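Novice: show me how the following folds:
(one chain, ligands or ions: 1)
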Amino acid sequence: MEEWIIDKITEKSNKSKEEILDIIRQRKKQFPELTEDAILRMLATENGIIPIKRDYKIKEINQRINHVNLSAKIKRKFPPRTVTVKGREARVMNFVIEDETGEMPVVTWNENYIDRIINSPDGESISIANAYSKENPFNGIIELNLGSGSAISVNSTVTQKKEEIKTVYKKIGDIKDGETADINGFITRLFSDDIYLIRCNICKKKVDVECDVHKDKALSKTLRIRGIFDDGIYSSSITFFDRQADSLLKLSQSQDIKEKLNDISFGLYQVNISAKMNKFNDNYSLTARKISKTEYNLS
Ligand SMILES: [Zn+2]
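Specialist: Numbering: from 1, shown residues only. Purely as a prediction, here's the structure:
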């Protein structure tokens with residue numbers, strides 16, 4: 001489990017680390033299908049902590065972590081090797097990064113990253129976003145992996161100018177009632193109960209199982225997923241209907257719908273959402289109109 005999340009909960013809740021581990025064990029009995037890490041992230045969001053760490057130090061990366069952002073320096077590079085994977089040739093490159101807390105190996109199969117690293121001198125600053133760490137099965141050492149969802153920025157390439165239209169993201173508290181706005185943040189919770197909306201298409205009414213009058217003659221079933229969205233300052237309930245619910249579920253590679261919901265919950269994915277605000281008294285309620293995963297772009 002990620003120590004820094006436990007530390008943050010300790011700070012916020014006045015509970016000791018032992019007490020927190022105890023709560024995790026109790027919840028594990030309650031929700032045997034959740035991993036301890038998922039329960040820890042659940043506890044974090046309950047305590048108002050977004051369990052995504054933006055800036056890791058190398059010494060903190062001592063286990064499998066799915067989303068790692070860090071800044072370091074390139075210490076040493078090894079020449080890329082060409083290997084055959086499933087009958088196709090691919091290049092893989094290893095290099096070592098360091099910061100004031102230590103050093104660690106990095107692996108990448110991405111052609112663009114390989115070219116950029118080769119062309120950077122040792123000692124160059126590098127920023128890495130959305131990498132993942134895991135144990136190398138051959139030597140047991142924790143390595144950082146740059147995958148297709150990762151982004152890097154090397155000092156010398158930062159100067160490359162890029163013309164692009166930047167989306168302006170609004171904070172939830174600034175969106176007016178009835179307004180549709182672009183927001184960026186994390187889904188801190190998705191509820192897995194009651195995810196289908198059943199209607200009778202003859203009388204257009206919402207029904208529980210079937211229509212009192214028309215029975216199951218014209219029932220339609222659409223996805224309706226409810227959750228909590230957090231933009232770092234405000235949080236709001238949010239609902240994804242039908243196509244939006246489909247694109248939400250596509251964020252996770254899991255096959256099972258409940259697994260998908262668990263996977264996307266707890267602040268693991270940073271997303272951009274275009275959503276319509278419905279304010280009722282002081283309650284925020286958003287309806288998603290369009291959703292996409294944040295593509296990290298550092299250079
Ligand atoms: Zn009916």
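Novice: measure the residue nearest in space to the middle of the chain to residue 293 for me?
Specialist: By Cα atoms, centre = their mean, the chain has its centre lying nearest to residue 269, at 1.6 Å. Per Cβ to Cβ, to the nearest Å, residue 269 is found 6 Å from residue 293. C-beta coordinates here come from the backbone N, C-alpha and C atoms, glycine included.
Novice: repeat for residue 198
Specialist: For residue 198 relative to residue 293 (Cβ to Cβ), the value is 29 Å.
Novice: returning to that earlier point: between residue 269 and residue 293, which contacts overlap?
Specialist: residue 251 (Cβ atoms under 8 Å, 6 or more residues apart in numbering).
Novice: quick one: pLDDT of residue 296?
Specialist: We have a pLDDT of 57 for residue 296.
Novice: do residue 117 as well
Specialist: The predicted local confidence for residue 117 is 91.
Novice: from the stretch 51-200 of the chain, which residue is nearest to the ion?
Specialist: Closest residue of the stretch 51-200 of the chain to the ion, Cβ to the ion: residue 200 (3.1 Å).
Novice: that residue contacts residue 218, doesn't it?
Specialist: Yes - in terms of Cβ atoms under 8 Å, residue 200 counts as a neighbour of residue 218; the distance is 5.8 Å.
Novice: higher neighbour count, those two?
Specialist: residue 200 (20 against 13; other Cβ atoms under 10 Å).
Novice: thinking again about what came up before, nearest residue to the residue of the stretch 51-200 of the chain closest to the ion in space, please, no chain neighbours.
Specialist: Nearest residue to residue 200 in three dimensions, chain neighbours excluded: residue 211, at 3.6 Å (Cβ to Cβ, 6 or more residues apart in numbering).
Novice: ditto for residue 134
Specialist: residue 64 (4.9 Å).
Novice: run through who's touching the helix or strand where residue 145 lies.
Specialist: Element membership of residue 145, judged by DSSP states H and E, is strand 142-146. Strand 142-146 has contacts (Cβ under 8 Å, 6+ apart) with 61-63, 68, 97, 104-108, 110, 113, 128, 131-136, 152.
Novice: do stretch 230-237 as well
Specialist: With Cβ under 8 Å, 6+ apart, stretch 230-237 has contacts from 45, 50, 169, 171-173, 183-188, 226-229, 267, 283-286.
Novice: report the distance from stretch 31-38 to the chain centre.
Specialist: 17 Å (Cα atoms, centre = their mean, to the nearest Å).
Novice: pull out the buried positions in that stretch.
Specialist: 34, 37, 38 (16 or more other Cβ atoms under 10 Å).
Novice: which of those residues sits closest to residue 258?
Specialist: residue 34 (10.3 Å; Cβ to Cβ).
Novice: quick check: that closest one vs residue 153, distance?
Specialist: From residue 34 to residue 153 the distance is 35 Å (Cβ to Cβ).
Novice: restricted to strands, list the contacts of strand 142-146.
Specialist: 68, 97, 104-108, 128, 131-135, 152 (DSSP state E).
Novice: near the ion, which of these show up?
Specialist: The subset of the ones in strands among the contacts of strand 142-146 lying close to the ion, counting by Cβ under 5 Å from the ion, is empty.
Novice: most neighbours among those residues, which one is it?
Specialist: Busiest of the ones in strands among the contacts of strand 142-146 [other Cβ under 10 Å] is residue 131, holding 26 neighbours.
Novice: so that residue touches residue 68, yeah?
Specialist: Yes - between residue 131 and residue 68 there is a contact under Cβ under 8 Å: 4.7 Å.
Novice: quick one: contacts for the residue of the stretch 51-200 of the chain closest to the ion?
Specialist: Counted by Cβ under 8 Å, 6+ apart, residue 200 has contacts 207, 210, 211, 213, 214, 217, 218, 219.
Novice: and those residues, which are buried?
Specialist: 207, 211, 219.
Novice: for beta bridges, what are the partners of the residue nearest to residue 147 when sequence neighbours are not counted?
Specialist: Closest residue to residue 147 apart from its sequence neighbours, by Cβ to Cβ, 6+ apart: residue 132 at 6.5 Å. Counting by DSSP bridges, residue 132 is bridged to residue 145.
Novice: just to check, residue 132 is in contact with residue 68?
Specialist: Yes - using Cβ under 8 Å, residue 132 makes contact with residue 68 at a distance of 6.3 Å.
Novice: that older thread, switch the buried ones among the contacts of residue 200 over to TSV; also include pLDDT and distance to the ion.
Specialist: What follows is those, written out as TSV (pLDDT from 0 to 100; distance: Cβ to the ion, whole Å):
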residue	pLDDT	distance to the ion
207	89	7
211	92	3
219	89	9
